[in-house]
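**Q** how would this look folded up:
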Amino acid sequence: MKSHVSAVLLAVASASTTLAFQSPINNHVKTSMYSNHVKTSMYSPASVAHAPKQHHVSQNRKSKLSTKTTELHSIAPAAALSAVGSPLGSIAVLAFVILVHEAGHFIAARSFGIEVDEFSVGVGPRIVGVRRKLVDSEYVFDRIDDAAEPQQNQDDDGIEFSLRAIPLGGYVRFPENYNRTLAFEMEDAARRARNKARLLRIENSNAVEKALENMAAYSFIFNVVSLGLLKKWQSKRVEDQLKEAEEEALVTKASSVTKKPWWGALSLGKGDNDTTSNESLSTLELLKSAKAPDVEYDANPDLLQNRPAYQRAVVLSGGVVFNILLAFACYFGELTVGRGLPEPIFNPGVVVSQTVSNDSPAYGVLKKGDVILGVNEVSSISSSKRGIWGSQEQISNVISTIRETQNGEDIKLTIVHGMDSATDVVSVSPKRNLDGQASIGVMLGPNYVKTEMVRASNVVDAVTKAGSAVYDITSATAGSITKLLVGVLFGKGLPAGASMSGPIGVVKAGADVVSSSDLAAIVAFAASISVNLAVINSLPLPALDGGQLVFVLAEAAAGRKIDQQLQESINAGALTILLFVSIGTAIGDVRSIF
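**A** Purely as a prediction, here's the structure:
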């Protein structure tokens, strides 16, 4: 296994958003081009209130039933993509976004002359691949046949370009700067020696010391709980054991030299002193071999690991930068040659978006179309953001306030009934839903009015508006993910209105967009996924680009290298956790579908 700079697109759970806009003219749920755009913002704050026996996925299904309205018209390229199958079209869009991300890493590396082994879109078994080699000052492309010559494919010079079976990730693989196989064999031998040395220590230990030795050797949890003190105690015992063995070997050797008579040199057999000396030396050699082996690193200046910190930082940041540029290009294109960027107009407040069920606490108090303007005698629901993000924040504020209601307390809502202009204050007694959270049993949506298409008057205006759109979606996505991670890590649960979505959920959302055959919606989907891929990979978590960048910055600040094998172990452990999270969210996606 070699060094990778990768983008596992769906290895991290996401907070998904699904917005269904209520039409003031008719009573069906319609999805405008902008609502398709927002629906694909898979990492922005969710905007659906949870009913006691209803998850917001049911709202998603209803909104998806009417995606083809008169506002959406078929465009030939998108229709061709949809004809292949909307799930395949969705996966194709995701694969393209990953391709752009990995191209950022690849181009940055090659621009510095850094060696690259493989450029891969997708993970898992290779479907097709070619190898580019320089022959007589010309590049030659050879097809890779893994089945026929697997070893040759691994060792040949040149850069491999691969398409792999699972298109939900990708990577750029760089050459290793040490012999990983040899290092593993040396470490394995040292590990066996450490285990034998531990058994020798246990022989002369009391019951408490034996128990602590076993916990230090086999229990990662005890080492963490003890804040490393248990491991430090064991390391001190290892040092003392080695020192005692060295002293015993010296004493035994000196004793065998001074006490042996001159005629002992003529003896053909081995005496007791010789046996003791050999045993001491054998123990000393065992303890020395238990030390962590020294790994010999390749000093080749063209390897990524041997480049200056700023070059490694540029390579690691390349994928994120290209994803942001892709989103910018999508918005710029819509502003100049497309129909424009949709800008929704919202009135203050949030709307009861579905008919209130009979068993809901709000039955007979609220009805579909009511607008909630305030909670608990607060005249308005404040939001520091504008547009869709501000509307979503208002919905989250309402849900958070409801959840904070104590048992037996009523919540007062300032509302407007339908098209009436007069406000009314009503009281609702929330009930605990299946998740143990206070709920009034209604579905909430933004107070949507209309959507205006914004176009650019010139190139400078297009750059300004496209940059603003990228900034808005990036900041909203980053804020949403930050809240989600804080809530999960500190046991607060998901933020108000948020839900977890994994690989299947993202592909399904993309399939809904592709099935609309609306090119603008598909472009918006690509921009949204590109932004959330950039934000996810920017997180300072091991195994992600941001986490590896932290190691590089730490090395630059400290002025010395961080142990490379330690970094690889941390990254491998973090990647395993991310994959388990991805599997968990995928199971949740399947349950929500069926």
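
**Q** the closest residue to residue 441 other than its chain neighbours and residue 443, how far apart?
**A** Nearest residue to residue 441 in three dimensions, chain neighbours excluded: residue 360, at 3.1 Å (CB to CB, 6 or more residues apart in numbering). From N, CA and C alone the C-beta is placed, and that goes for glycine too. Relative to residue 443, residue 360 is positioned 10 Å away (criterion: CB to CB, to the nearest Å).

**Q** can you tell me the closest non-neighbouring residue to residue 355?
**A** Of all residues apart from its sequence neighbours, residue 368 sits closest to residue 355 (CB to CB, 6+ apart), at 4.8 Å.

**Q** and the pLDDT for the one you found?
**A** The predicted structure scores residue 368 at 88 on the pLDDT scale.

**Q** so who does it touch?
**A** Taking CB atoms under 8 Å, 6 or more residues apart in numbering, we find residue 368 in contact with 27, 352, 353, 354, 355, 356.

**Q** just to revisit the earlier point, can you tell me how far the residue nearest to residue 441 sits from residue 395?
**A** For residue 360, the distance to residue 395 equals 18 Å [CB to CB].

**Q** tell me the SS of the residue nearest to residue 355?
**A** Using DSSP: H, G, I helix; E, B strand; the rest coil as the criterion, the local structure at residue 368 reads coil.

**Q** next one: phi and psi at it?
**A** phi -60, psi 130 (degrees, to the nearest 10).

**Q** are we agreed that the residue nearest to residue 441 is in a strand?
**A** No: read with three-state DSSP, residue 360 is coil and lies in no strand.

**Q** need the strands for the stretch 351-500 of the chain, in chain order.
**A** Chain-ordered strands for the stretch 351-500 of the chain, with DSSP state E, counting those that start in this stretch as the definition, fall at 371-375, 411-416, 423-428, 431-432, 438-439, 444-454, 500-501.

**Q** in JSON lines: those strands, plus mean pLDDT and mean neighbour count.
**A** Supplementary listing: the strands of the stretch 351-500 of the chain in JSON lines, determined by pLDDT from 0 to 100; neighbours: other CB atoms under 10 Å:
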{"stretch": "strand 371-375", "mean pLDDT": "87", "mean neighbour count": "21"}
{"stretch": "strand 411-416", "mean pLDDT": "87", "mean neighbour count": "20"}
{"stretch": "strand 423-428", "mean pLDDT": "86", "mean neighbour count": "14"}
{"stretch": "strand 431-432", "mean pLDDT": "86", "mean neighbour count": "14"}
{"stretch": "strand 438-439", "mean pLDDT": "86", "mean neighbour count": "22"}
{"stretch": "strand 444-454", "mean pLDDT": "85", "mean neighbour count": "19"}
{"stretch": "strand 500-501", "mean pLDDT": "66", "mean neighbour count": "22"}
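
**Q** neighbours of residue 305, how many?
**A** As a burial measure, the neighbour count of residue 305 was computed by other CB atoms under 10 Å and equals 17.

**Q** touching, it and residue 565? I think so.
**A** No: no contact is recorded between residue 305 and residue 565 when judged using CB atoms under 8 Å, the distance being 11.8 Å.

**Q** list the residues that contact residue 335.
**A** The neighbourhood of residue 335, defined by CB under 8 Å, 6+ apart, consists of 341, 454, 455, 456, 461, 462, 465, 466.

**Q** could you report the separation of it from residue 344?
**A** Residue 335 is 16 Å from residue 344, by CB to CB.

**Q** and residue 289, by the same measure?
**A** Using CB to CB, one obtains 69 Å as the distance from residue 289 to residue 344.

**Q** if anything else comes up later, I'll come back, but that's it for now.
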